[in-house]
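> Output the structure for:
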Amino acid sequence: MSESIDVSTLVGPDEPGIRLIEVSTLSGSATIDGTSDAMGNDNDAALFAALREWADVAVVGSGTVKAEDYEGSSPGKARIAVMSNSLDLDVESKLFNVGTPPIILTPDENLGTTAAKRLEEAGATLLGTGDGTIPSVVEALRAKGWSRISCEGGPGIYSLFIAAGMVDKLYLTLDPHLSPTVSQPLVHAPDEATANAQPLSLSLESVIPDADGTVFLRYAVVGAP
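Residues are numbered from 1 along each chain as shown. Below you'll find the model as predicted:
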């Protein structure tokens, strides 16, 4: 059984930046049976919700949106911003029909296409991200005045943010399951350039164990505010 933990202690200082939130089994898998539903606890859910409140925008990949059956944005929470090159999203899904429809982050070349217009007609806001690289994505978000950016994955999106050095804090929840295999790694480089990028150096800011064996870790990237 988990115990009550002050969620503000888990979140840490209120300052702008880019924050990654991840959950992992003790074996290093980001999923059990294909999703993260069986992982974490009530305090992990509270941390996730608190980061949604802290953030201006929550960036997530289209694959994670589909696998986790994402809903749209809730009042008082970050806008959901989905990174998609293909624009292959189901407008009948909860993402478009529960809460506020998402922002779609896509390279400029996709704006005005039939696929883009289909998503706009379903209520989505299309935001061009230049060449689609992470620095261009972040630049487009900051140009909208969104200085608090939460990244919710999945593995390919995490990898791109890390490779680009666009990370200020990492929240890593260690779930006390020992999975027999890593069904989904925490990061997965989508291309050779990303795989060969230099790793980031982190400093440990906080370690908070829970009564059920869950451990909450918060790291800051060395040199970040």
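> you'd agree G28 is up against T181?
No. Counting by Cβ atoms under 8 Å, G28 stays clear of T181, with 10.0 Å between them. Backbone N, C-alpha and C define where each C-beta goes, glycine included.
> ok, these two, which is more surrounded?
G28 (13 against 9; other Cβ atoms under 10 Å).
> how close does that one sit to L200?
Distance of G28 to L200, given as Cβ to Cβ, to the nearest Å: 18 Å.
> got it, and L10?
Following Cβ to Cβ, the distance that separates L10 from L200 is 21 Å.
> of the two, who's got more company?
Remark: of L10 and L200, L10 carries more neighbours, 20 against 17, as counted by other Cβ under 10 Å.
> now that one, what's its secondary structure?
Per DSSP: H, G, I helix; E, B strand; the rest coil, the local secondary structure of L10 is helix.
> Give me the pLDDT for it.
For L10, the pLDDT comes out at 97.
> what's the answer for the one 5 residues further on, then?
Residue-level confidence at E15 comes out at 94, pLDDT.
> Can you tell me the SS state at it?
Applying three-state DSSP: E15 is coil.
> Point to the helix or strand of this protein where mean pLDDT is at its lowest.
Ranking every helix and strand in the chain by mean pLDDT, DSSP states H and E puts helix 62-67 at the bottom, with a mean of 94.
> For it, which residues meet the burial criterion?
Using 16 or more other Cβ atoms under 10 Å as the test for burial, helix 62-67 gives 62-65, 67.
> Please identify which of the residues you listed is nearest to F216.
T64 (21.0 Å; Cβ to Cβ).
> how near is that closest one to V207?
Counting by Cβ to Cβ - T64 and V207 are separated by 27 Å.
> Leaving out chain neighbours, which residue sits closest to the residue nearest the centre of the chain?
Relative to the mean C-alpha position of the chain, the nearest C-alpha, by Cα atoms, centre = their mean, is the one of E152, at 1.1 Å. In space, and not counting its chain neighbours, E152 is closest to V60: 4.4 Å by Cβ to Cβ, 6 or more residues apart in numbering.
> any idea how far L87 is from the residue lying farthest from the centre of the chain?
Distance from the C-alpha centroid of the chain, by Cα atoms, centre = their mean, peaks at T114 (27.4 Å). Going from T114 to L87 by Cβ to Cβ gives 9 Å.
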